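> pasting a predicted model and its sequence here:
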Amino acid sequence: MIDLKQLQKDFDGISKKLMRKGVDEKLLEKVKEKFEELKEAKAAYEKLQAAQNAMSKEFGIYKREGKDISELKARVDANKIKITQALEVQREKQEELETLAMAIPNIPDDDVPDGEDEADNVEIKKVLTPREFSFTPKEHWELAEQNGWIDFERGVKLACSRFSVAYDMGAKLERALINFMLNYNAKKGFTEVSVPHIVNRKALEGTGQLPKFEDDLYKIEGQDLYLIPTAEVPLTNLFQDEILPADKLPFKMTGYTSCYRKEAGAAGRDTRGIIRQHQFHKVELVCITKPEESDIIFDEMVATASEILTALELPHRLVTLCTGDLGFGAAKTVDIEVWLPGQNTYREISSISNTRDFQARRAKIRFKNGKKNELVHTLNGSALAVGRTMVAIMENFQNEDGSIHIPKALEPYMGM
RNA sequence: GGAUCUUUGGCAGAGUUGGUCGAAUGCACCGGUCUUGAAAACCGGCGAGGGUCAUACCUCCCAGGGUUCGAAUCCCUGAGGGUCCA
């Protein structure tokens, strides 16, 4: 949620920034208007309430003194009807405003480049040089099948398409990667947290997945519960509705969960292999910080994710997302793309975002800054997506006969 | 699953014949006096959100609904916790 007071105060400035992200100025004008209407409705309602409270007090006095109350009662009853009406108006305005305002994305940082889509993202740097192959490298799904690591058919049999099963070294590699990543993150000062994979609506609203992206979530039938699309949701919402002591910040957390996504709107994309699954494993980083330190922490998170890839000897590059590719809640995002020789391209393996106070405002996560309560900044990023890391290892470490060797850093984790 | 009790400010804990309770008290915390410094003692301050230049004012005593002119206090529903029974 953007700051509506700020929008009211500096409409031109804010709307200019949001228009870079393709937000319709008319929508913003409407929001501003509704916000003002709500304020008026609130003031009117509160005035009536004040009158009611005052009369109720008189009532007590009248009674004690044995005065006649019939005239007062008539006044009070009349006022009561007005209150009910005023409350109704206020509720309506509130709801209208919320529906509109919740649909507005975060304001992009000034240094986020303009652009339409991922083609306009800006490369920051490349890390490690892709290896030269003396043969034509295969794609991961072919290698996975050949080595007996991943079984696509039986995943479909158990659930539906976009599910798979891992066996033997494939399963082991998955587990090894999770442990390796969690340990690496812990070494960099991120506290390991194990969270529920099912959360309620409020949590998803707090981080911005709802109400806009309901179609992409698995909902538990008959309950106000959803499977998490990312550990970002439970980790960030841990502190929902709390006022944190300033000296405890920043909270730097890491957690491993499965992630569950319907992938609505991704029909036909990445149907081969495990690039895009309904259920996938991910190790996540989430930080809760004071506003002034969020940029530094952001860099730390990017560095950590990149270092993991370097430790795994996987060539990758960092790109800054342009305004058009920026997610709903992010003010700034750096993607890390890993080199896939089989596909002969870089593919996203991590996405690190600073949401500034956008999620904090929705989730009401604040800290005590001296006397005042202030919104924190929340940041999240993958370090890393496990399935895609497996894909990268398979493709980068393949031999001509289709066998795959394991990066040195993982050997202790593979029982080798 | 059944019965019963319980849910208050950072914590502990009053308040349940409905009005003067946003809420006693203790601890913690902050400021001051005293002290070489600290502790103790004493004095003062100390929940949150909205609103205002600042007041005023409004809202919040687990959540939602109801009774009433008026509810932390009464009623209903739900959630969490305790105890007993099965």
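Structure received. Since the structure is predicted, the reported quantities are computational estimates derived from the model, not experimental observations.
> for chain A, what lies in contact range of RNA strand B?
When proximity is defined as CB under 7 Å from any atom of the strand, chain A approaches RNA strand B at A:5, A:39, A:42-43, A:46-47, A:49-50, A:52-57, A:59-60, A:63, A:73, A:76-77, A:80, A:243, A:366, A:373. The way it works is simple: take the backbone N, C-alpha and C, and place the C-beta from them, glycine included.
> sitting in helices, which of the residues you listed do you find?
Using DSSP state H, the subset of the residues of chain A next to RNA strand B located in helices is A:5, A:39, A:42-43, A:46-47, A:49-50, A:52-57, A:59-60, A:63, A:73, A:76-77, A:80.
> so among those, which ones count as buried?
For those, a burial check counting by 16 or more other CB atoms under 10 Å picks out A:Gln52, A:Met55, A:Val76.
> of all those, the one with the weakest confidence?
Lowest pLDDT of those: A:Val76, 85.
> A:Lys82: neighbouring residues, count only.
A:Lys82: 15 surrounding residues under other CB atoms under 10 Å.
> residues of the host helix or strand of it that come out buried?
In the assignment (DSSP states H and E), A:Lys82 maps to helix A:70-101. Of all the residues in helix A:70-101, those buried under the rule 16+ other CB under 10 Å are A:Leu72, A:Val76, A:Ile83, A:Ala86, A:Val89, A:Gln90, A:Lys93, A:Leu97, A:Leu100, A:Ala101.
> tell me, how many neighbours does the residue in the stretch 301-416 of chain A positioned nearest to RNA strand B end up with?
Closest to RNA strand B within the stretch 301-416 of chain A is A:Asn373: 3.3 Å, counting by CB to the nearest atom of the strand. By other CB under 10 Å, the residues close to A:Asn373 number 12.
> do the same with A:Tyr218
Neighbour count of A:Tyr218, defined by other CB under 10 Å: 16.
> you'd agree it is up against A:Tyr226?
Yes. Counting by CB atoms under 8 Å, A:Tyr226 is a contact partner of A:Tyr218 at 6.4 Å.
> now the residue of the stretch 101-250 of chain A found nearest RNA strand B: how far from A:Gly329?
Relative to RNA strand B, the nearest point of the stretch 101-250 of chain A is A:Ile243 (6.6 Å; CB to the nearest atom of the strand). From A:Ile243 across to A:Gly329, the span is 22 Å (CB to CB, to the nearest Å).
> next: A:Ala166.
A:Ala166 is 32 Å from A:Gly329, where distance means CB to CB.
> now do A:Ala246
Taken as CB to CB, the span from A:Ala246 to A:Gly329 is 24 Å.
> higher neighbour count, the two?
A:Gly329 (24 against 13).
> and the residue nearest to the more buried one when sequence neighbours are not counted, how many neighbours does it have?
Once flanking residues are discounted, A:Gly329 sits nearest to A:Gly208: 3.9 Å by CB to CB, 6 or more residues apart in numbering. The tally of other residues near A:Gly208 (other CB under 10 Å) stands at 25.
> who's in contact with A:Gly208?
By CB atoms under 8 Å, 6 or more residues apart in numbering, the contact set of A:Gly208 is A:Phe328, A:Gly329, A:Thr355, A:Phe358, A:Gln359, A:Arg362.
> quick one: buried ones out of those?
Neighbour counting with 16+ other CB under 10 Å marks A:Gly329, A:Thr355, A:Phe358, A:Gln359, A:Arg362 as buried within the contacts of A:Gly208.
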